[in-house]
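> Provided below are the primary sequence and the corresponding predicted coordinates.
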Amino acid sequence: MQGGLRVFLSQGSVVKNAVLQRIRMASPLLQPVGFSRFESGAPSRMEEQGFESTTVADILKGKGKSADGSWLWCTTEDTVYDAVKSMTQNNVGALVVVKPGEQKSIAGIITERDYLRKIIVQGRSSKSTKVGDIMTEENKLITVTPDTRVLRAMQLMTDNRIRHIPVINDDSGMIGMVSIGDVVRAVVSEHRQELDRLNAYIQGGY
């Protein structure tokens, strides 16, 4: 899926460049300076500039506090069986792990991948194994803040081959979690809005 994201972003750049070329053909007097942020030779820089307004906080706001996965957690003392049961019931692929009685203090994260690799493959019992024994510990976690840009979050997830990333606020601790699906939807929405703006310009909407 991560490879598909890179292809999607690359194709998005081609579409935007084609639209911009059409604008210049329709109005030769337009100067490149007016669209300098789209004309950089570095695709990553062009994409980053195009997504300056969207942050992880926007994704969380769109999901809502009651959305599946936003506030789901288990403790280090829960069994892996109970954690996987919770994932299944709520249709999510990961749970934040906290210490008993400390919901805002993140201890780690447990994912479907942990269950497959550390329980199923190794022939261990999910009913007798504690979440704390197989989770990815807090000091090894990749996290973001509410102010992290969407493309930065995507880069962290693709580079580290992860599908879920906790959102940490320095003042209040753990505030939610976003998935690769959340990030993809945000990127698609941004592409659509940007192309709509360019099309509106071509049609004289600006």
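Great, that's in hand. As the structure is a computational prediction, the values presented were derived from the model and not from experiment.
> contacts and neighbour counts: CA atoms only from here.
Fine.
> Count the residues that sit near residue 80.
Per other Cα atoms under 10 Å, the neighbour tally for residue 80 reads 26.
> Next one: it relative to residue 138, how far apart?
The spacing between residue 80 and residue 138, counted by Cα to Cα, to the nearest Å, is 17 Å.
> all strands for this protein, in order.
Counting by DSSP state E, one finds strands in the chain at the ranges 73-75, 94-99, 102-111, 136-137, 164-169, 173-179.
> Just put those in CSV and tack on mean pLDDT and distance to residue 188.
Putting these into CSV (pLDDT from 0 to 100; distance: least, Cα to Cα, whole Å) gives the following:
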stretch, mean pLDDT, distance to residue 188
strand 73-75, 91, 28
strand 94-99, 90, 23
strand 102-111, 83, 25
strand 136-137, 92, 30
strand 164-169, 87, 18
strand 173-179, 82, 14
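> out of those strands, deepest packed?
Highest mean neighbour count of the strands of the chain: strand 94-99, a mean of 25 (counted as mean count of other Cα atoms under 10 Å).
> sorry, back to before: reformat the strands of the chain as CSV; add distance to residue 158.
CSV is the format used below for these (distance: least, Cα to Cα, whole Å):
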stretch, distance to residue 158
strand 73-75, 23
strand 94-99, 17
strand 102-111, 16
strand 136-137, 17
strand 164-169, 11
strand 173-179, 11
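> out of the ones you listed, which comes closest to residue 145?
Checking those against residue 145 by Cα to Cα gives strand 164-169 as the closest, at 5.0 Å.
> Need the residues that contact the closest one.
Under the contact criterion Cα atoms under 8 Å, 6 or more residues apart in numbering, strand 164-169 has outside partners 56, 93-94, 96, 142-146, 157, 174-180.
> just stretch 81-100 next, same as before
Residues contacting stretch 81-100 (Cα under 8 Å, 6+ apart): 68-69, 72-77, 104-112, 115, 126-127, 131, 135, 164, 166.
> got it, and stretch 119-130?
Residues from elsewhere that reach stretch 119-130, judged by Cα under 8 Å, 6+ apart: 76-82, 118.
> try 6 Å this time
With Cα atoms under 6 Å, 6 or more residues apart in numbering as the test, stretch 119-130 has contacts from 77-81.
> same question, stretch 54-64
Applying Cα under 6 Å, 6+ apart, the external contacts of stretch 54-64 come out as 146-150.
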